[in-house]
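> A predicted structure for the sequence below; I have some questions about it.
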Amino acid sequence: MARILIAEDEPRITEFLEKGLRAAGYSTVTVDDGEIAASLARDDDFDLLILDLGLPSLDGIDVLARIRKRGERIPVIVLTARSEVHDTVAGLEAGADDYVTKPFRFEELLARVRVRLRSEGNEEQTVLRVGDVSLDVRTRRASVGERTVELTAREYSLLETFLRHPDQVLSREQLLSIVWGYDFDPGSNVVEVYVGYLRKKLGNGVVETVRNMGYRLPAA
Ligand code: CA
């Protein structure tokens, strides 16, 4: 299991990242301080660092510079609330591998995380399968039995989330947070709507409604 260090001082975003990355099968450690991030980010301990630029005690750019100076090659994805080009350029020059501008959707970050981990040789499971339903995370193709199903990006993310948690009841809020992101309106009914799309494409029994609790993809 790939280990990810998250250096971010905004609790709402930290929680969002932690939840999403764990749901995607990664193990995470979070810190909210630049000095601590710089001392913990070692190749032997982590496979990836997600680094906010605005951190207390030591700025993200300086964290990055310190890590690289020490010779660590850990891949780093920078998070920045500042969309100004110069911050991004400074980050990349200081040795970041990629960057994501806040606010971002979780799947956008996850895609970048996967690219970084893949290029480091941590090949993850490429086909998720539960019962008749399978999903190839490289080709993004879903199938039910012998039948291939075309999914939109959002349907794909939703199905992937279910497949990574077979038999587990996932609440509307969990699904909103994982698939749609932290800045999504909690009162929205998109989860219901998209579960409906999945049922239409994959078959009615694929996703169960668990009354007053959420949804579940049954394992058998
Ligand atoms: Ca910050």
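In hand now; what should we look at? Residues are numbered from 1 along each chain as shown.

> Provide the contact partners of the helix or strand harbouring Tyr215 at residue level.
In this assignment (DSSP states H and E), Tyr215 forms part of strand 214-216. Contact partners of strand 214-216, identified using CB atoms under 8 Å, 6 or more residues apart in numbering, comprise 162, 167-172, 174-175, 191, 195, 207-210. Using the backbone N, CA and C atoms, a C-beta is placed for each residue, glycine as well.

> again, but for stretch 17-35
1-9, 11, 14, 37, 40, 46, 50, 55-60, 62-63, 106, 109-110, 113, 124-125, 161, 164-165, 174, 177-178.

> Show me where this protein has its helices.
11-23, 34-40, 60-69, 85-93, 106-119, 153-164, 172-175, 190-202 (DSSP state H).

> What residues sit buried inside the second one?
I take that to be helix 34-40. Buried positions in helix 34-40, judged by neighbour count with 16 or more other CB atoms under 10 Å: 34, 36-38, 40.

> what's the answer for the longest one, then?
Buried residues in helix 106-119, counting neighbours by 16+ other CB under 10 Å, are found at 106-107, 109-110, 112-114, 116-117.

> between that helix and helix 11-23, what angle do the directions make?
50 degrees (axes from the mean of the first three to the mean of the last three CA atoms, to 10 degrees).

> Show me what helix 106-119 packs onto, helices and strands only.
helix 11-23, strand 48-52, strand 76-80, strand 98-101 (3 or more CB pairs under 8 Å, 6 or more residues apart in numbering; DSSP states H and E).

> how distant is that helix from the center of its chain?
7 Å (CA atoms, centre = their mean, to the nearest Å).

> same question for that helix, mean pLDDT?
Helix 106-119 carries an average pLDDT of 87.

> related to what we said a few turns ago, CSV please, covering the helices of the chain and showing distance to Pro218.
Below are the helices of the chain laid out as CSV (distance: least, CB to CB, whole Å):
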stretch, distance to Pro218
helix 11-23, 18
helix 34-40, 40
helix 60-69, 43
helix 85-93, 44
helix 106-119, 24
helix 153-164, 10
helix 172-175, 16
helix 190-202, 13
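
> could you dump those to JSON lines with distance to the ion?
Compiled in JSON lines, the helices of the chain are given as follows (distance: least, CB to the ion, whole Å):
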{"stretch": "helix 11-23", "distance to the ion": "8"}
{"stretch": "helix 34-40", "distance to the ion": "10"}
{"stretch": "helix 60-69", "distance to the ion": "8"}
{"stretch": "helix 85-93", "distance to the ion": "12"}
{"stretch": "helix 106-119", "distance to the ion": "15"}
{"stretch": "helix 153-164", "distance to the ion": "26"}
{"stretch": "helix 172-175", "distance to the ion": "24"}
{"stretch": "helix 190-202", "distance to the ion": "28"}
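
> Please list all residues in contact with the closest residue to the ion within the chain.
Nearest residue of the chain to the ion: Gly54, at 3.6 Å (CB to the ion). Counting by CB under 8 Å, 6+ apart, Gly54 makes contact with 9, 60, 80-82.

> Equivalent analysis for Ala81, please.
53-54, 101-102.

> got it, and Arg3?
Listed by CB under 8 Å, 6+ apart, the contact set of Arg3 reads 26-29, 45-48.
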